[in-house]
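K.L.:
Fold the following.
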Amino acid sequence: MIEFTRATYDAVVAHAREGDPAEVCGVLVGHRGTDGDPSVVTRTYETENVAERPKTRYRIDPEAQLEAIEAAEGNGLDVVGFYHSHPAGPPSPSDIDIGRATWPGYSYVICALDGFPFVGSWRWTGEDRRFEQETVGVRDEE
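P.N.:
Residues are numbered from 1 along each chain as shown. Take a look at the predicted model:
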């Protein structure tokens, strides 16, 4: 399970809307869940989408990703996962999303904008390029 603070959930949706019709992306930071506890997102880092075709693909700028990781660690936080948007696509990982996943055990969040915004999350198991859908929650406190 992954939980967002209200502010971080709203930030992901706002970033997706602002970037439409291109896909947007970023890094999710907070506290990684252990022993069945949920991961909690307390901060988002917007990154540039450097994909060759940003309307249908995403690729987090590697330098921005490294900066986000260093900032998180400098603040005593963990990388919880990554997010991107699907402006007109399904609210689930595409074959390309699955093929490019590189962080086993981390959450890959997708904000789909087709209709009402839907935020879903999948955790990459690292086995056979398999993702498992996870529950998304929103906390009203920080």
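
K.L.:
can you give me the mean pLDDT across the helix or strand hosting Gly26?
P.N.:
Here Gly26 sits within strand 25-31, counting by DSSP states H and E. The average pLDDT within strand 25-31 is 97.

K.L.:
What's the separation between the residue positioned nearest the centre of the chain and Val12?
P.N.:
In the chain, the residue lying closest to the centroid (CA atoms, centre = their mean) is Tyr83, at 1.9 Å. To Val12, Tyr83 is 5 Å away according to CB to CB, to the nearest Å. Yep, even glycine has a C-beta here, placed from its N, CA and C like the rest.

K.L.:
swap in Glu23?
P.N.:
To Val12, Glu23 is 13 Å away according to CB to CB.

K.L.:
again, but for Arg123
P.N.:
Counting by CB to CB, the gap from Arg123 to Val12 is 17 Å.

K.L.:
Show which residues not belonging to stretch 6-20 make contact with it.
P.N.:
4, 24, 26, 28, 30, 41-44, 46, 49, 83, 85, 87, 109, 111, 113, 117, 119, 138-140, 142 (CB atoms under 8 Å, 6 or more residues apart in numbering).

K.L.:
switch the cut-off to 6 Å
P.N.:
With contacts defined as CB atoms under 6 Å, 6 or more residues apart in numbering, stretch 6-20 is touched by Val24, Val41, Thr44, Glu46, Tyr83, Ser85, Pro87, Cys111, Leu113, Pro117, Val138, Asp140.

K.L.:
just the buried members of these?
P.N.:
Buried subset of the contacts of stretch 6-20 (neighbour count, 16 or more other CB atoms under 10 Å): Val24, Val41, Thr44, Glu46, Tyr83, Ser85, Pro87, Cys111, Leu113, Pro117.

K.L.:
I'd like to know which of those are part of strands.
P.N.:
Val41, Thr44, Glu46, Tyr83, Ser85, Cys111 (DSSP state E).

K.L.:
Could you tell me how far the helix or strand that contains Ala72 lies from the centre of the chain?
P.N.:
In the assignment (DSSP H and E), Ala72 maps to helix 62-74. Centroid displacement of helix 62-74 relative to its chain, using CA atoms, centre = their mean, to the nearest Å, is 15 Å.
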